[in-house]
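Undergrad: Could you work out the structure for the sequence below:
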Amino acid sequence: MDQFINAAYLLAIELLPIIGVVVLIMVIVLIVKTIKLTQKTIDTLDRSHTTLDLVDKSIEKVQVPLDSAVKISHTVDDVHDATVKAVSDSAAYLKRNKEAIKNKVDDLLKKNKKDHKDPQDMNEVL
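TA: Numbering: from 1, shown residues only. Just a heads-up that it's a prediction; the model follows:
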């Protein structure tokens with residue numbers, strides 16, 4: 001058993017530096033890849049900042065027509081409200097004064113009939 005332990009010890013002494021170098025190379029490769037990934041991430045973030053700035057500018061350009069559309073919408077609402085008020089006020093006025101309006105229209109029609117005699121009556125005069 002002592003011979004086995006001595007043989008394993010000698011093998012370990014020979015293999016440990018080789019395994020250490022292999023592990024060290026793998027760690028160095030891992031660090032290099034991590035650095036490259038970090039650089040790519042930084043570049044991507046820089047490009048995304050530029051893209052976000054362009055999007056902000058585009059949104060500002062789109063905001064102006066939207067504000068105009070909102071103003072037009074409010075104007076249309078105001079015109080609609082005024083029209084509804086005018087029609088309801090007119091209907092209320094006509095309702096309150098229907099008799100006076102009827103009398104005025106009848107008077108105008110009678111006056112119109114007197115001014116324009118019947119064409120047969122015109123032949124009799126001639």
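Undergrad: ok, which stretches of this structure are helices?
TA: For the chain, the helices defined by DSSP state H occupy 2-96, 98-115, 119-125.
Undergrad: I'd like those helices written out as a markdown table, with mean pLDDT added.
TA: Shown next, in a markdown table, are the helices of the chain (pLDDT from 0 to 100):
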| stretch | mean pLDDT |
| --- | --- |
| helix 2-96 | 93 |
| helix 98-115 | 85 |
| helix 119-125 | 52 |
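Undergrad: now those helices in a markdown table, with mean neighbour count?
TA: No exception for glycine: its C-beta is placed from N, CA and C like everyone else's. Output for those, formatted as a markdown table (neighbours: other CB atoms under 10 Å):
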| stretch | mean neighbour count |
| --- | --- |
| helix 2-96 | 10 |
| helix 98-115 | 10 |
| helix 119-125 | 8 |
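Undergrad: tally of neighbours for Asn97?
TA: By the criterion of other CB atoms under 10 Å, Asn97 has 12 neighbours.
Undergrad: per-residue confidence for it?
TA: The per-residue pLDDT reported for Asn97 equals 89.
Undergrad: distance of it from Ser90?
TA: Going from Asn97 to Ser90 by CB to CB, to the nearest Å gives 11 Å.
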